[in-house]
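# One predicted model, sequence on top.
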Amino acid sequence: MINYVLLSITIILALYSLRLVYTASRKPLPDAGFQAALSLALGLFIYLYGTWVYLSIYIRYGFGILYLLLALYALLRRRKDQPSGKNLATWRKVSLSFFTVLMLVLNTLYFTGTTGTPDTVNIAFPFKTGRYFVLQGGKGLPSNFFHFSIRGAIYAMDIVQLTKYGGRASSVFSHNLSDYAIFGDTVYAPCSGRVIRAETDNPDNIPPNMERGPKNTNMVVIETDTYTVFLAHLKKGSVMVKEGDVIGQGQPLGCAGNSGFSAEPHLHIQVHAREEGKPWYRSKPLYILFNGRGYLFNEVINAEKGY
């Protein structure tokens, strides 16, 4: 199962970055600098991109604190016991430098993305209580890789709800839909507008089955004067509005589910500018601000506080 593979990679790389920073204190300068730089770049990479939510986001914070404490300890230890030893081979210095630069580039792209400065849209967060997590999102590659590969969805977001323990479900993976915190959670209209499409009869997939594909999702599509909002993967039979309805911001739309091209329960949301003569999904995609703030991959959203 891909969840276990990704989680294992996260843990292995996190441990490796800790080992690198610890053992760097035993190496002579400037070799210690090469290794410490890679450790820092790798540690930040796995902190930003790691699949911590499969267990708990609190482990991510614990890793960050542990890394800083270990780095401080290694620095103090070096001052007391100046190491000596063989210098690193040239090929190893080159490889360390290459992977350090690669990690630094990926870390920078986490914040900047690859799409330049996007046009934005400010809407309300579609949930009212609880803590939520951006399972997929960002400003293009590499953090929003899956959506970037879908036509017109480069700023789309997948949102899950967090349990009190900081995970998105009661286990790393479950076939039981009710084990996922967001399943059945009420989705509210993020804006006022007119419903131009509403579907509610598609069944919810049993994770990780996605065979029904993207054309079989329960959805609500809301059109305003300047943009169109698409909310997908809603629970079968839960949609409370119909095509042609004029709705207000904060009005209940349905419940989060797992219909369509979805491996586990979540809410998919994307927004496009209205462009004359184009269907909404081929119009310019907009980067979403919830209550004035943008969110990136692996960030937490507190619905009650609005941030």
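Everything's here; your move. Here the structure is a predicted model, which is why all the values come from computation and not from measurement. Numbering: from 1, shown residues only.

# At which residues are the strands of the stretch 201-307 of the chain located?
219-223, 227-232, 246-247, 252-255, 267-273, 285-290, 293-294, 300-302 (DSSP state E, counting those that start in this stretch).

# Need those in TSV (columns: mean pLDDT and distance to residue 71).
The C-beta positions use only the backbone N, C-alpha and C, and glycine is treated the same way. Formatted as TSV, the strands of the stretch 201-307 of the chain follow (pLDDT from 0 to 100; distance: least, C-beta to C-beta, whole Å):
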stretch	mean pLDDT	distance to residue 71
strand 219-223	98	47
strand 227-232	98	43
strand 246-247	98	52
strand 252-255	98	45
strand 267-273	98	38
strand 285-290	98	34
strand 293-294	96	30
strand 300-302	97	25
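
# Could you export those as a markdown table, including mean neighbour count?
Shown next, in a markdown table, are those (neighbours: other C-beta atoms under 10 Å):
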| stretch | mean neighbour count |
| --- | --- |
| strand 219-223 | 22 |
| strand 227-232 | 22 |
| strand 246-247 | 14 |
| strand 252-255 | 21 |
| strand 267-273 | 23 |
| strand 285-290 | 20 |
| strand 293-294 | 14 |
| strand 300-302 | 16 |
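
# Residue 15: which of the ones you listed is closest?
When the strands of the stretch 201-307 of the chain are compared by C-beta to C-beta, strand 300-302 sits nearest residue 15, at 23.8 Å.

# which residues in the stretch 101-250 of the chain form helices?
Taking DSSP state H, counting those that start in this stretch as the criterion, the stretch 101-250 of the chain carries its helices at 145-148.

# Poorly predicted segments of it, please.
Across the stretch 101-250 of the chain, not a single residue meets the criterion (pLDDT under 70).

# try 80
Where the stretch 101-250 of the chain drops to pLDDT under 80, the residues are 151, 211-215.

# Tell me which of the strands of the stretch 201-307 of the chain lies nearest to residue 160.
Of all these, strand 267-273 sits nearest to residue 160, with 7.9 Å by C-beta to C-beta.

# List the contacts of residue 232.
When the contact criterion is C-beta atoms under 8 Å, 6 or more residues apart in numbering, the partners of residue 232 are 217-219, 259-260, 267-269.

# Also residue 180?
Taking C-beta under 8 Å, 6+ apart, we find residue 180 in contact with 160-161, 168-169, 174, 207, 258, 264-265.

# Counting neighbours, which of these end up buried?
When burial is judged by neighbour count using 16 or more other C-beta atoms under 10 Å, the buried members of these are 160-161, 168-169, 207, 258, 264-265.

# between those, which is nearest residue 69?
Nearest member of the buried ones among the contacts of residue 180 to residue 69, counting by C-beta to C-beta, is residue 168, at 27.9 Å.

# sorry, back to before: can you tell me which two in the contacts of residue 232 are farthest apart?
259 and 269 (14.7 Å).

# Residue 141 contacts residue 148, doesn't it?
Yes: the pair residue 141 and residue 148 qualifies as a contact (C-beta atoms under 8 Å) at a distance of 5.5 Å.

# just to revisit the earlier point, so which of the strands of the stretch 201-307 of the chain gets nearest residue 5?
Among the strands of the stretch 201-307 of the chain, the nearest to residue 5 by C-beta to C-beta is strand 267-273 (23.0 Å).

# Tell me which two in the contacts of residue 180 are the farthest apart.
Across those (C-beta to C-beta), the longest gap, 15.3 Å, separates 161 and 207.

# Let me have the strands of the stretch 201-307 of the chain in JSON lines, extended by distance to residue 211.
Compiled in JSON lines, those are given as follows (distance: least, C-beta to C-beta, whole Å):
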{"stretch": "strand 219-223", "distance to residue 211": "18"}
{"stretch": "strand 227-232", "distance to residue 211": "17"}
{"stretch": "strand 246-247", "distance to residue 211": "32"}
{"stretch": "strand 252-255", "distance to residue 211": "22"}
{"stretch": "strand 267-273", "distance to residue 211": "17"}
{"stretch": "strand 285-290", "distance to residue 211": "27"}
{"stretch": "strand 293-294", "distance to residue 211": "34"}
{"stretch": "strand 300-302", "distance to residue 211": "30"}
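
# follow-up on the earlier one: need the contacts of residue 232 in JSON lines (columns: distance to residue 68).
JSON lines is the format used below for the contacts of residue 232 (distance: C-beta to C-beta, whole Å):
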{"residue": "217", "distance to residue 68": "43"}
{"residue": "218", "distance to residue 68": "45"}
{"residue": "219", "distance to residue 68": "44"}
{"residue": "259", "distance to residue 68": "43"}
{"residue": "260", "distance to residue 68": "42"}
{"residue": "267", "distance to residue 68": "34"}
{"residue": "268", "distance to residue 68": "35"}
{"residue": "269", "distance to residue 68": "35"}
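
# Between those, which sits nearest residue 238?
residue 218 (7.3 Å).

# what about the closest residue to the closest one other than its chain neighbours, neighbour count?
Of all residues not flanking residue 218 in the chain, residue 234 sits nearest, at 3.9 Å (C-beta to C-beta, 6 or more residues apart in numbering). The tally of other residues near residue 234 (other C-beta atoms under 10 Å) stands at 29.
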